[in-house]
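Peer 1: Below are the sequence and a predicted model for it; my questions follow.
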Amino acid sequence: MATYRKVAPLARDAMAYVLAGGRGSRLMEMTDKRAKPAVPFGCKSRIIDFALSNALNSGIRRIGV
């Protein structure tokens, strides 16, 4: 059974901006061939997936990367 949460008007009108830049100097071996947000985390997701999931779970549907 699916449960639906009511989305607050502020979240419905908001837009999230996910900052996905940077050189990734601390992740040098992993960022030689891919961008830092695309680095795998835990074999099932990427680093950027956490920020995207948080925005979606907060009711924000407009997201800029």
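Peer 2: Yep, that arrived.
Peer 1: after the lowest-mean-pLDDT helix or strand in the chain comes which helix or strand?
Peer 2: Here the helix or strand of the chain ranked lowest by mean pLDDT, DSSP states H and E is helix 9-13, holding a mean of 78. Counting by DSSP states H and E, the next helix or strand C-terminal to helix 9-13 is strand 15-17.
Peer 1: isn't Leu52 right up against Val18?
Peer 2: Yes: assessed by C-beta atoms under 8 Å, Leu52 is found in contact with Val18 at 6.6 Å. Where C-beta positions appear, they are placed from N, C-alpha and C, glycine not excepted.
Peer 1: out of the two, which sits in the more crowded spot?
Peer 2: Taking other C-beta atoms under 10 Å, Leu52 and Val18 do not tie; Leu52 has more neighbours (18 against 14).
Peer 1: how about that one, secondary structure?
Peer 2: Here Leu52 is recorded as helix under DSSP: H, G, I helix; E, B strand; the rest coil.
Peer 1: Spit out the contact partners of it.
Peer 2: 18, 63 (C-beta atoms under 8 Å, 6 or more residues apart in numbering).
Peer 1: separation between it and Arg61?
Peer 2: To Arg61, Leu52 is 11 Å away according to C-beta to C-beta, to the nearest Å.
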